[in-house]
Every structure is written in structure tokens, then in C-alpha cells.
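**Student:** Okay, sequence plus prediction incoming.
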Amino acid sequence: MRRVVITGIGTVNPCGLDAGSTWQAVTAGKSGIGPITRFDATDYPSKIAGECKGFDPEQWIEKKRVREGDRFIQLAIAASVMAVRDAGFEPTDEQKERVGTFIGVGFCGIELFEDTVRVVDSRGPRRITPYFIPAVVPNMAPGQVSMLLGYRGPNFATCSACASGGHALGEALRWIQRGDIDAALAGGTESTVSSVAVGGFCAMRALSKHNEEPEKASRPFDKGRDGFVIAEGSGVMILEEREAAIRRGARIYAELAGYGASADAFHLTQPAPEGEGGRRAMGSALADARLAADEIDYINAHGTATPAGDITELQAVKALFGPHAEKGLLMSSTKSMHGHLLGASGGLEGIITALAIHHGVVPPTINLDDPADEAQGMDLVPHQARQKPVRAALSNSFGFGGTNVSLVFKRHD
């Protein structure tokens, strides 16, 4: 099958409004978590989030068209345009028929849903905006992006909770590998810092209550972890067939070489015992990339800072990687800085993984003051980034419903 490379990246997230500022922040160990400002969280157990502060959709979307999409669509458009510009990707009109758009979304436009329910309750159904339905449907994130850029290849949203962005990248990889298309925009987007979404996760006791020091609230793999920190944002890549990218002289960040997916078939929200499902997804991704476990230098962990999830991921890594897990393998969770972007996680963390390979720098897990017992012997890159050549890396995304995705990225040669 054909090889696939990453030639452009774009992101909006709590650590930065573009890829450059994001990379600078995560390698400096700088948190993007703060008090919630998008609604009044006074009565909520968790009052903190990762917000894309300063994001202005009118920088990316014509003013009169901003209302056509909820915030998750606006974030997707911004990241996609940045990725295209970064890649210098300018397909001809004919070539656009072989460019796909795959953007994962965990929720739909939940903020606009909330606002519309209030309108119906206070003013009646006749006051619903005609833009409501197309503004909240998940597939309108890739839909609007494809319309804006004129890409006429396959266009759909993967919707698999926190694995959505990872699935989108994996599906784009497959379409290009098979020769069905030649390039794709792929990644994830999410905007759920809203009263109902935050309230729902609070009801599940899934969110951190470390409200006094927001920047220290996301504590993956630490004994003091008490849940994840919800966040918003988008991360999108340009993926191209390798030979075509080389012919046009594109800069190549890394190669996307492997895709593995699995189901726990176990529980609504809890991972399978000992991370069995995640282990199988990682193993499938390695096999797909034709790599041995000891050829992986870095894992960008799912690492949400939930009590059960972190432990099972550590167990899965140790089971799959054996002695290599404690001898030379680095693993970190950048959610310690940008929080949990839910459906957008795979997109953003895929970008960070590709940049780790490109720059030879592994980002840290901040707030890791007292590692969990299960982390004994593992190098989770606490507090500070690490200079290290990365030959190949793995990025994990696991979601409610027992859905798991692992992606393998390689240094391009």
C-alpha cells in the first residue's frame, strides 16, 4: 500500500491559537487551564477548563457566515485553513476530487442546543433560527471545511467519543493507502465548555475539582489525580501520498504509518481490565506499521488523569512493550497542559506527536509529583521536556463505550 506523510498542521487549543505557539507552550510545560469564563460555573463542582481564549472566528470566516456554524465548526475551519497554508497545499480543481475531509467530533453543537432550548422555552418554536440544524450537526465540521476549500473527495465526521479525532486520522490514512484519494484534511474538533456538558461530566464525577490551582488540576499518572479537565479546540493535518508530496517539494513532518482500533465490549465508561482493549489497539497499530515494540521511542498517552483510565493504560503498555516499557521508552500525557479536548484529542495529540518526531523533543507530563505505583520503572517525562531523537511514536485515544484508537508516526526518510 502507498505511504502517507504529514505536510501541514493547524490547531486552536488552550495552549495556543496556532501550531507554533502550541508547541512552544507544551515543550515549556506551560498549562492552558484556567477558571471557566464561557458560562457562570459558580454552582458547579468543577469550575475550570481549557478554553481557547482570544479565538476570533471572524479571522477565518466571513462575518455574515459565522452564525452558520456552532463553535466546534468555527474551530475546525480555523485549524483546517492553517493546515492548508502551512502545507502550501494548492491542488488543481481536478485534483480536488481526490482530496478527502475527515474530521472527528465527539459531541454536536451542544452550546447552540442549550441556547435554542432556552429560546423555545421563553419565546416559542417559531423563534428557532433556520441555521440551527446545519449549525449543530457533527458532519457539518468537515462539510463546511470541504465547501470552503472545494475538496470533493470523501467527506464525513467520525463520531466515537474521545477517539473521534484518532479514528478520523486512521480512516484518512486508509483511503490514501488504498489509492482511493491522494490527500486529505484530517483531525478533530470539539467545543463542550458549556453548562450542560460540564454539568453532565460533573454528575459522572469525571472532572477534577482542583479549582484553587487550575494549572495544577490535570495530573495524569499522579497519585493525586482526581479526574480530567474538560477543554475545547481543534487539531487538523494535511496528509498526502508520499511520492506526490516529494514531487511538489513539500516539507514533511513525519509519516503516518500505522492505525489500530478495537472495542473493549465491557462497560459504558470504564476501560476493560488491565487495558486489554487498548493493548490490542496498540498491537494492531504496530503490526500495521510493521514495527516491533522496541522500535517505538515515545508514546503520547491518552492519559486523562482519571483514577481508572490512567492505571489501565499503564498496565496495557507494560503488557505489550514488556522490558522496553522500562528501558528506553518515554511516555507522557500532554493533557496535563491542554486538558482533554474529547473528540479533538486525537487531532491535537497527533500533531504534538508528529512535532516530537520532527524536532527530536518529547513534551513533558507536568504536575507529576507523586507517580502512581503502577508507573514504577517507567519514564513518564515529569515536569520538563526531553531532548531525544524519536524514530517512531505511538499516540493513543480511548473513548466511552470502549472504543480505542492507536496511531503510529515515524520519522520520514
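**Tutor:** That came through fine.
**Student:** In the protein, where's the longest helix?
**Tutor:** The helix that spans the most residues within the chain, counting by DSSP state H, is helix 71-87.
**Student:** Looking at that one now, give me its mean pLDDT.
**Tutor:** Computed over helix 71-87, the mean pLDDT rounds to 98.
**Student:** CA atoms only: put the helix or strand in which Gly100 is found into PDB for me.
**Tutor:** For Gly100, the element it lies in under DSSP states H and E is strand 99-105. Extracted in PDB, the C-alpha atoms of strand 99-105 (Å, rounded to 0.1, in the frame of the first residue of the first chain):
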ATOM      1  CA  VAL A  99      -8.900  15.200  -1.600                       C
ATOM      2  CA  GLY A 100     -10.900  14.000   1.400                       C
ATOM      3  CA  THR A 101     -12.100  15.700   4.500                       C
ATOM      4  CA  PHE A 102     -12.200  13.600   7.700                       C
ATOM      5  CA  ILE A 103     -12.900  15.500  11.000                       C
ATOM      6  CA  GLY A 104     -13.900  13.700  14.200                       C
ATOM      7  CA  VAL A 105     -16.400  15.200  16.600                       C
END
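**Student:** how far away is Thr37 from His167?
**Tutor:** Counting by CB to CB, to the nearest Å, the gap from Thr37 to His167 is 31 Å. For every residue, glycine as well, the C-beta is placed using N, CA and C.
**Student:** Look at those two and report which has more neighbours.
**Tutor:** His167 (28 against 11; other CB atoms under 10 Å).
**Student:** can I assume Ser332 is in contact with Glu349?
**Tutor:** No: in this structure, Ser332 is not within contact of Glu349 by CB atoms under 8 Å, at 10.4 Å.
**Student:** Pull up the overlap in contacts between those two.
**Tutor:** Counting by CB atoms under 8 Å, 6 or more residues apart in numbering, the contacts common to Ser332 and Glu349 are Asn300.
**Student:** in which helix or strand would I find the residue nearest to Pro271 when sequence neighbours are not counted?
**Tutor:** Counting by CB to CB, 6 or more residues apart in numbering, the nearest residue to Pro271 once its immediate chain neighbours are dropped is Thr312, at 4.4 Å. Here Thr312, judged by DSSP H and E, is contained in helix 307-321.
**Student:** helices or strands up against the longest helix of the chain?
**Tutor:** On a contact count with 3 or more CB pairs under 8 Å, 6 or more residues apart in numbering; DSSP states H and E, helix 71-87 meets strand 4-12, strand 99-105, helix 140-149, strand 183-190, strand 233-241.
**Student:** rerun at 6 Å
**Tutor:** strand 4-12, helix 140-149, strand 183-190, strand 233-241 (3 or more CB pairs under 6 Å, 6 or more residues apart in numbering; DSSP states H and E).
**Student:** and the angle for the longest one with strand 233-241?
**Tutor:** Computed with axes from the mean of the first three to the mean of the last three CA atoms, to 10 degrees, the direction of helix 140-149 lies at 60 degrees from that of strand 233-241.
**Student:** Please tell me how far helix 140-149 is from the chain's geometric centre.
**Tutor:** Relative to its chain's centre, helix 140-149 lies at 19 Å (CA atoms, centre = their mean, to the nearest Å).
**Student:** Check which residues of it are buried.
**Tutor:** For helix 140-149, the neighbour count (16 or more other CB atoms under 10 Å) marks Met140, Ala141, Pro142, Gly143, Gln144, Val145, Ser146, Leu148, Leu149 as buried.
**Student:** Identify the residues contacting it?
**Tutor:** Outside helix 140-149, the residues within contact range by CB atoms under 6 Å, 6 or more residues apart in numbering are Gly69, Ile73, Ala76, Ile77, Ser80, Thr101, Ile103, Val105, Pro134, Asn155, Ala157, Thr189.
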